[in-house]
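> pasting the structure only:
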C-alpha cells in the first residue's frame with residue numbers, strides 16, 4: 001500500500017526554465033517524507049507518522065543515500081503535486097523510503113526516487129534499531145523498492 005502525500009510546489013522551487021529545479025525535487029521529497037513518517041505533524045497525520053525526531057527527541061535521522069530519476073519537468077501547479085510514498089525495505093537501523101511524484105490529477109509521472117534513512121540514538125550519535133512500533137506502523141506500506149531504469 002502507498003501513502004499519497006500532497007506537497008505544494010513553491011515559487012522558490014522553480015528555476016529560470018519555469019520548472020522545478022533538480023535540487024528542489026529533493027526538498028519536495030523531504031516534505032513528503034516528514035509528513036508521512038515524522039510524528040508531531042498536523043491533526044490527521046497518517047498512522048505512519050511515528051518517528052519522534054523533533055528537538056529534544058531521543059532519536060535523530062540522517063540520510064545515507066538518495067537517488068532520483070527525472071521522467072519529466074515539474075511545472076508550477078496551484079494544487080499540490082502528489083507524492084506516493086512507501087517503504088521499500090526495513091533494515092536493522094534503516095529504512096528505504098520510495099517515491100513516485102505525480103501531477104495533481106495523476107495524469108503525469110514526473111519522477112521516481114528512493115532515500116535511505118538511518119535512525120540514530122540522539123545521545124550517542126550511533127545507529128539504533130527500528131522499534132517494534134515503527135515496524136508495525138510501516139509494515140502495511142512495505143512494497144517492492146523502486147526499480148530505476150539504468151540499473
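Nice, thanks for sending it over. No experiment lies behind these values; they were computed from the predicted model shown. Numbers count the residues shown, from 1 in each chain.
> Before we move on, what's the pLDDT of the spatially most central residue of the chain?
With distances taken as Cα atoms, centre = their mean, residue 33 lies nearest the centre of the chain, 2.9 Å away. Confidence at residue 33, expressed as pLDDT, is 94.
> How about the one 10 residues further on?
As predicted, residue 43 sits at a pLDDT of 70.
> State the distance from residue 145 to residue 112.
Distance, residue 145 to residue 112, using Cβ to Cβ, to the nearest Å: 10 Å. For glycine as for every other residue, the C-beta is placed from the backbone atoms N, C-alpha and C.
> So for the closest residue to residue 75 other than its chain neighbours, what pLDDT did the model give?
Using Cβ to Cβ, 6 or more residues apart in numbering and skipping residues adjacent in sequence, the residue nearest residue 75 is residue 19, 5.5 Å away. At residue 19, the model reports a pLDDT of 89.
> re the thing from before, residue 145 and residue 112: which is more packed in?
residue 112 (19 against 14; other Cβ atoms under 10 Å).
> hey, what's in contact with both of residue 145 and residue 112?
With contacts taken as Cβ atoms under 8 Å, 6 or more residues apart in numbering, residue 145 and residue 112 have residue 98 as neighbours in common.
> before we move on, the earlier item: go ahead and report the secondary structure state at the residue nearest to the centre of the chain.
Taken by DSSP: H, G, I helix; E, B strand; the rest coil, the conformation at residue 33 corresponds to helix.
> For beta bridges, what are the partners of the closest residue to it other than its chain neighbours?
Leaving aside its sequence neighbours, residue 33 sits nearest to residue 97 (Cβ to Cβ, 6+ apart; 5.5 Å). As for beta bridges, residue 97 partners with residue 87, residue 115 under DSSP bridges.
> now residue 79, nearest residue through space, not along the chain?
residue 104 is the one closest to residue 79 (Cβ to Cβ, 6+ apart), at 3.9 Å.
> which SSE is that neighbour in?
Using DSSP states H and E, residue 104 maps to neither a helix nor a strand.
> what's residue 118 in contact with, if anything?
So residue 118 contacts 61-64, 93-94, 127 (Cβ under 8 Å, 6+ apart).
> Mark which of those are buried, thanks.
61, 93-94, 127 (16 or more other Cβ atoms under 10 Å).
> Can you classify residue 12 as helix, strand or coil?
helix.
> what about the strands in the protein?
Using DSSP state E, the strands found in the chain span residues 3-7, 59-70, 81-90, 94-102, 109-121.
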